[in-house]
Structure formats: C-alpha cells, structure tokens
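Chemist: whatever this is, show me its structure:
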Amino acid sequence: MPLDIVPSVCPHDCPSTCALEVERLDAHTIGRVRGARGNSYTAGVVCAKVARYAERQHHPLRLSQPLLRVGERGVGFPAFQAISWPEALDRVADSFKRAEARYGSETVWPYYYAGTMGLVQRDGINRLRHAMRYSQMQKTICTALADAGWNAGTGAKRGVDPREIPESDLVIVWGGNPVSTQVNVMGHITRARRERGALLVVIDPYRSPTAEAADIHLMPKPGTDGALACAVMHVLFKEGFADRDYLAKYTAGAAELEAHLSDRDPAWAAEVTGIAPQEIIDFARLYGRTQRSFIRIGYGFSRSRNGSAQLFAASCLPAVTGAWQHRGGGALYGNAGIYTLNRSLIEGLDLLDPKTRILDMTRIGPVLTGDRRALGDGPPVTAMLVQNTNPMVVAPESLKVRDGFRRQDLFVCVHEQFMTETAAMADVVLPATTFLEHDDIYTSGGHTFLQIARKVVEPRAEARPNHYVIQELARRLGARHPGFEMTEMEIIEASLKVSGLPAPQEFEGGIWLDMALPSETAHYLDGFGHKDKRFHFKADWAALGPYHQELPALPDHVAIHDRADAEHPFRMMTSPARSFLNSTFNNTPTGVEREARPSVLIHPEDLAALRLAEGDRVRLGNRQGSVVVHAKSFDGLQRGVVVVEGIWPNHAFEEGIGINTLVSADPGRPNGGGVFHDTAVWVRPA
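Modeler: This next block holds a predicted model:
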C-alpha cells in the first residue's frame, strides 16, 4: 500500500522555511519528513533535525492536558495536577483581570517569539494584546541588529533571489553557518561549485561545519568583521576594482567613503581582526575581479553590540564593485520585505494604541526583576502569557530571568509542547499543537515563497493551537475583533483577499505562491529602498534606533563590544549546534546523542596554558555568573576565543543554569538586540 504523502511547511526559526513532504501513516502518526522536490528553493533538501521530526512529534513527554501548578516553581511535572481546558482558561482570564484591576492593563505582558514562524499561530497573540491594551513587545532577540545594519545601506529588507546562487562564480557566506542552520543554501552553493567551479569563502570567527567545507576560511576575532570589510574596500579602491560608473549612478557618499578608508588598510585590519594582511589582500582581489560574487549574509551579525555597524560595512562591498549588476552577483541578508500580505486581521493592528508602553523582549530579566530602565514609567509586570518561546533558557542573563519568574506576585501561563524550564515556572500550562496539527501561512527570510500549510494529523490528546487559546481568552476577557470569531483558514483567506493576493486554491498545488521580484528589482537596478534610490555609504543610525550615539556614519570598526581584559581574557560565542535549533530539538534522542553534552571549544595552546586537558571540567564566568562545561581542544579559532555550541536545557549543566547566564541583556546598537556572541569571560579549572 503506497504511503500517504502530505505537503506541509517547516515552522521553525530558520530562513529556509522549507517546503515539506510528510509521510502520514495514519490520522495520528507520521513517518519520515522530506524536502519538497517540486519546490525550486527547497529542492528536496531538508535538515536532519526536521527529517527526524517524528522523534519530536511522537515524543513520550509531549504535553497532553492542561496543568495547574500545586507545588514549587521550577520542579516540573511533580508540581502540577491535571485540570480541564475550561478551568485552565478561566483561571488565566481571571488572573489577567485581577492584575489589570490592580495595576492597569499594561501590567499584563503577552510574550512570544518564533517557536513557530506561522503568521496566524505566532502573531495572533498581538491581536489579544492590542484589543486589551496590554504591554507591547519589542522583538529584538534575533534580527533587530542585523535588520538595522542592512537597512542602513540598502533601505529595504530584500536582496538577490537565492536561486541565483548556482549562477555565481564566488559565494561568500559571512556571519552564517548554513551547514548547521540553513542546509538549502549549501545545496545551491554545491550546484555553483559543481557547474561553474565557483569558490566558497566563509567568514566566521571559528571553523564551523560550513567553514570546514569552504575553499577559503577567513577567521576574524569576534566583533571585528567591520574592520575586515573596511580593509577589503580599501584594496578595492586602491587597486582599481571599484566600479566608478556604478558608484556614480547608484550610490551616495562614495568619494567620502574612499577618503575615509585611505588609512583602513590590511595592516590596520590585521591588528584588529587577527587575520594576516596578505589573506585580506588576496580575498579583496578575488572579490574584486569576480563579477558574479554573491554574499550570503547571516544572522551572526545580529549577536553583537556592534553587529549593525559590522553588517553595514559588509553590505557595502557589492556596491563598491557593482556586483549587484550581474546575475549571480550582489547579496542577500533577508527577503522579508518582499511580502505584501496585510497582517492587520492576524495581529489586530487596527486596535493598536501607540501610547501603550513597549518592553524589550531581550531584557526580560531586567523587566521581571523590576529594573526601571527596562520597565519605564509603567507598572510592574504581574501577569504573562508565553507562547512559542522558552525565555528561561534562551534569554540573556538567565539568573535574572529565573529570579523574575520566581516572584510570588507574578502569574504566568505557558502554552507549550513540552515541560520546558519556562513551563515549569508557570502557574498554568496548556498543551500546544505542533505545526502538523493546525493550519497556518508562512513567509520566509531566505527565499521568495508564500506558503500555506494545512493540518496533517490530528492533535495529540488535548493539545490545542495558539489560535484557539487566543480566541478563548478573548471571549473570557471581553475582547472584540473579527479575528477572534474566525478559523485559521478564514483569517488566511481574508488576509490574502485584502492584500490583493490570490486565494489559496490559486497557489501552486494550493501550497506555494512565488513572490519573487523581477530580477532588476531584486538587484536594486531600479533603485535602492531610500528616497533617493541610492545605496547609502553613510548610515543614518538615529533613524534606525535610540542607541545610535556610539555608531559612526561611515563603515568602520566600532569597538563597543564586550572587550577582553585582564580579568576576562577570553571572548565567548554561543554558536548554534547542528542538532538543535535554539532550545527546540534539545530533547530529541538523536540530537542529544550527537551533541553529547555542553562543551567549550578552546584553542589547544590556551588549554595548555590553563593546565587543562581534553574532557576536563572547566568553569566559565564573568560578572553575571558562571557555568561548568567540559573542554574540547579545537584549533579552529584564534587564541583568546572560546565557543559553546548549542542552547542546552538548563538541567544539562551541573548547576542547573545554562550558558546564557553569562550573556548580558544590554541592548545592542542602535535598536536593541541579544548580544549572544559578544561576551568576555574567564576560564578556570572547575
């Protein structure tokens, strides 16, 4: 009997948003998951994590019924008892009402992020927020810094269609690790290498799996990519690789940039980055003489205090050489700006009160512990609904986050698939569906398809979608909006209609709508996103965020990162592990077995200087706290740099608190953001 193969869309926080083919064994059971072969971006490729999604879908510890905490916070299942859905929702609504009666509506903070990237299930929480005038949330934790850096130059969040990569002669992966985090990119790069003999250059502070596969790996110190980009542009101008005609027609500030870069030479950059001057010169010449050069810019830039300035500097390169003019040339950071879907119905934007305070999600620790700089003039947060995220593990300053969730005056409802550390701190836990158990619509940062996914299997036990929870709470709270009365598909259909987009049945196979821009527009040949239609070599940081004072207008090295010193001689990055995706998949058997345990990659010479050996227990620390991990000798980074891969559960660490204990909640520049790769630490024997 043939397998029932059902289309779907990967919901996870990855730019690929893969089109999927799911083996449905029966109404409740799936088998393997594959990339959709008919989709020209996914092209039959999917990461190993999602290929084994049955491990997560049918995990024995998935939540199956609503739970009420009757014991201590943080204990987990033994501290909860089962209750009915009506009782659970009544308790949540009553708690929100009581909190509002005491402090006003802004005391309630709906908190979410990207556990699903589906627009209805992810963003519907904002409809409740706006209807009730609850505190708003600044979505800083992932891409805020990178967005600002890209928009500073181009003025629009879009770029070259990644399906052009096979037409490139040189591909530069800068600030990303697609072997681990965006496998489809590697598929397109492989085609370029096979069919055109293209070279792959990876720029990354450590020898990631992608760097392992590269022809050239440039390995700057963390937070110094801007210096590398400036030195490359210095060579491009000096040696005649700058396209003067393109610069005159399409850019603003080129002459000022060239003068500014006159002393930003490879020798200067070598002192900053740790990369030899000749390596910088060779790369600059390779880039300058290759017209079809494609820079795939990753989210690594968005993890440092100076990340916006670094990305801005890197984004200037194709404008200097005019690479944007050529097929397979130019750059891509993200394509979110191409989607014209009206989200007012999904998010209740017609109800948004701009006077409602906005709280920075990355600063949840300071917010919950009463830091006035984080709270502003408003009341304390005393009630929360958490969906699609696990801040006890993924947010900076974990000790403050834990202290905040321990507050006895804080009511928390967590809607989740598993008993995460955040769920264990909740008063009420609601079981959530997976993406295979509900309907949704998806945009993408990494390609050009708008995709619709319909339910593949029935929900596990009493699991319910995010949309259901929002509807039921709205009814109990007296919130009014048409979206609260509609099904997911009705919202999707109405949103498409008001956006002037085709109805679902007109999508290819009822699934995909390719929204790729004309090539001329994708390459900015009909103008960049600024009013003057030019690429800007001078950034208007004040227009991009409130923390702009330290950022120079022209591309440069901006030494505002957490610098090593005598007390904290190492710079630490918390890079993604291949088998995890944030805190998702860090409980699936295959992923845990592959990653083994929390470890720190440290240069063998540093290891010897510390009188440590492979496998030794080491303590990493700074002013925020300390954690114990095991040492791995690794020569694929510079001395003084350490890497801890993957967001492990807190309980995977000896002392029950994870790596983000060490990461500061200080906002990145200019608009806030998580600085996960920007941490100075000391390293000692445990």
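
Chemist: residues of the helix or strand of the chain with the lowest mean pLDDT that come out buried?
Modeler: Of all helical and strand segments in the chain, the minimum by mean pLDDT, DSSP states H and E falls on helix 589-595, at a mean of 85. Of the residues in helix 589-595, 591-592, 595 count as buried by neighbour count, 16 or more other C-beta atoms under 10 Å. Where you see a C-beta, it was placed from the backbone N, CA and C, and this is true even at glycine.

Chemist: stretch 332-342 too?
Modeler: For stretch 332-342, burial by neighbour count (16+ other C-beta under 10 Å) applies to 332-335, 337-339, 341-342.

Chemist: which one of those is nearest to residue 438?
Modeler: residue 341 (18.4 Å; C-beta to C-beta).

Chemist: okay, the nearest residue to that closest one once chain neighbours are set aside: pLDDT?
Modeler: Take residue 341 and drop its neighbours on the chain: the residue closest to it by C-beta to C-beta, 6 or more residues apart in numbering is residue 499, 5.0 Å away. In the predicted model, residue 499 carries a pLDDT score of 98.

Chemist: what is the burial count for residue 499?
Modeler: Residue 499 has 16 neighbours, counted by other C-beta atoms under 10 Å.

Chemist: do the same with the one 5 residues further on
Modeler: When neighbours are defined as other C-beta under 10 Å, residue 504 has 17 of them.

Chemist: same check on residue 458?
Modeler: Residue neighbour count, defined by other C-beta under 10 Å, stands at 14 for residue 458.

Chemist: tell me the contacts of it?
Modeler: Going by C-beta atoms under 8 Å, 6 or more residues apart in numbering, residue 458 touches 27-28, 437.

Chemist: what helices or strands is the helix ranked longest in the chain leaning on?
Modeler: With secondary structure taken from DSSP state H, the chain has its longest helix at helix 85-103. If you count contacts as 3 or more C-beta pairs under 8 Å, 6 or more residues apart in numbering; DSSP states H and E, helix 85-103 packs onto strand 67-69, strand 108-112, strand 383-387, strand 411-416, strand 428-431, helix 466-477.

Chemist: sheet-wise, list the partners of the first one with their directions.
Modeler: Here strand 67-69 is paired, per DSSP bridges, with strand 80-82 (antiparallel), strand 428-431 (antiparallel).

Chemist: can you give me how far it is from the chain middle?
Modeler: Using C-alpha atoms, centre = their mean, to the nearest Å, the mean C-alpha position of strand 67-69 is found 31 Å from that of the whole chain.

Chemist: repeat that for the second one.
Modeler: In terms of C-alpha atoms, centre = their mean, the centre of strand 108-112 is set 19 Å apart from its chain centre.

Chemist: got the CA positions of the least confident helix or strand of the chain in CSV?
Modeler: Taking only C-alpha atoms (Å, rounded to 0.1, in the frame of the first residue of the first chain), the coordinates of helix 589-595 have been written out as CSV:
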residue,chain,number,x,y,z
PRO,A,589,17.2,11.4,21.4
THR,A,590,19.2,11.6,18.2
GLY,A,591,20.1,15.3,18.7
VAL,A,592,21.2,14.8,22.3
GLU,A,593,23.2,11.8,21.4
ARG,A,594,25.0,13.6,18.6
GLU,A,595,25.8,16.7,20.7
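
Chemist: what segments of the stretch 101-250 of the chain are helices?
Modeler: Listed from the start of the chain, the stretch 101-250 of the chain has helices (DSSP state H, counting those that start in this stretch) covering 119-123, 125-132, 144-154, 178-181, 183-196, 209-212, 225-238, 244-250.

Chemist: single out the most deeply packed of the ones you listed.
Modeler: Using mean count of other C-beta atoms under 10 Å, the stretch among the helices of the stretch 101-250 of the chain with the largest mean neighbour count is helix 144-154, at a mean of 28.

Chemist: tell me the angle that one makes with helix 225-238.
Modeler: Using axes from the mean of the first three to the mean of the last three C-alpha atoms, to 10 degrees, one finds that helix 144-154 and helix 225-238 are set 20 degrees apart in direction.

Chemist: pLDDT of stretch 611-618, averaged?
Modeler: For stretch 611-618, the mean confidence score works out to 96.

Chemist: typo on my end, it should be stretch 288-296
Modeler: For stretch 288-296, the mean pLDDT works out to 98.

Chemist: try stretch 37-57
Modeler: Per-residue pLDDT over stretch 37-57 has a mean of 94.

Chemist: now do it: distance from first to last residue.
Modeler: Length of stretch 37-57, first residue to last, C-alpha to C-alpha, to the nearest Å: 22 Å.

Chemist: who are the contact partners of the closest residue to residue 104 other than its chain neighbours?
Modeler: Counting by C-beta to C-beta, 6+ apart, residue 379 is the residue found nearest to residue 104 once chain neighbours are left out, at 5.9 Å. Neighbouring residues of residue 379 by C-beta under 8 Å, 6+ apart: 103-104, 106-107.
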